[in-house]
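**Student:** Kindly return the folded structure for what I paste below:
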Amino acid sequence: MTSTAATAFSAVLPTPTFSLGIRCNDDEITEIVYLEPTAEIKPTSLLAKETVRQLKAYLKDSRFEFGLPLAPAGTPFQRKVWAQIAAIPCGATKSYGEVATAIHSGPRAVGNACGANPYPLVVPCHRVLAANHGLGGFARQRGGFLLDVKRWLLQHEGV
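**Tutor:** Numbers count the residues shown, from 1 in each chain. Now for the predicted structure:
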């Protein structure tokens, strides 16, 4: 979920503790990434502007429901995992094992699919926790900045 690709962002939205980098074409969001706090980049397109508007609405009210066009991404298995994650309501969590059971897979495979999610917040992988109700990983990280983001998001949602 953090990306150092040279592709320019269509917008960057700073929050008090992290920033969100948005990449999109004219029709679809292609990626949202968590960034260390950085300067704002004003939206370069109508879709980027709408994405920023919806992200701000979520940051103001965690129960906001996104309605953004997402570019097709991932393998069929990843898309199955992301669909399960997208169904977890705000304020609720599931374990990697619970998601795995629902799709007849294993927790590690679910974790790998979570780490490959190109649309964090919109597909809320932060709502997936370790079996012991610990945080687990986040974006293929076991600590540091991204785990702090996961903590913040869960707190924002009242978990």
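
**Student:** any weak-confidence spans in this structure?
**Tutor:** Applying pLDDT under 70 to the predicted model, the residue ranges of the chain that meet it are 1-7, 133, 137-143.

**Student:** I'd like to check which residues are in contact with P107.
**Tutor:** When the contact criterion is C-beta atoms under 8 Å, 6 or more residues apart in numbering, the partners of P107 are S95, Y96, G97, V99, A100, A131. (Glycine included, C-beta is placed from N, CA and C.)

**Student:** Just give me the closest of these to A73.
**Tutor:** The shortest separation between A73 and any of these is 18.2 Å, and it belongs to V99 (by C-beta to C-beta).

**Student:** contacting residues for the closest one?
**Tutor:** Counting by C-beta under 8 Å, 6+ apart, the residues that V99 touches are V81, Q84, I85, P107, V110, V128.

**Student:** Narrow the contacts of P107 to those in helices?
**Tutor:** For the contacts of P107, the ones inside helices are Y96, G97, V99, A100, with DSSP state H as the criterion.

**Student:** Let's have those residues in CSV, adding distance to I22.
**Tutor:** Conversion of the ones in helices among the contacts of P107 to CSV gives the following (distance: C-beta to C-beta, whole Å):
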residue, distance to I22
Y96, 27
G97, 32
V99, 26
A100, 30
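
**Student:** tell me the two of those that are most distant?
**Tutor:** Within these, two members stand farthest from each other by C-beta to C-beta: G97 and V99, at 7.3 Å.

**Student:** Quick check: neighbours shared by these two?
**Tutor:** Residues touching both G97 and V99 (C-beta under 8 Å, 6+ apart): P107, V110.

**Student:** ok, now which residue in this structure is the farthest from the centroid?
**Tutor:** Outermost residue of the chain with respect to the C-alpha centroid, by C-alpha atoms, centre = their mean, is H104; its distance is 23.0 Å.

**Student:** Many thanks, have a good one.
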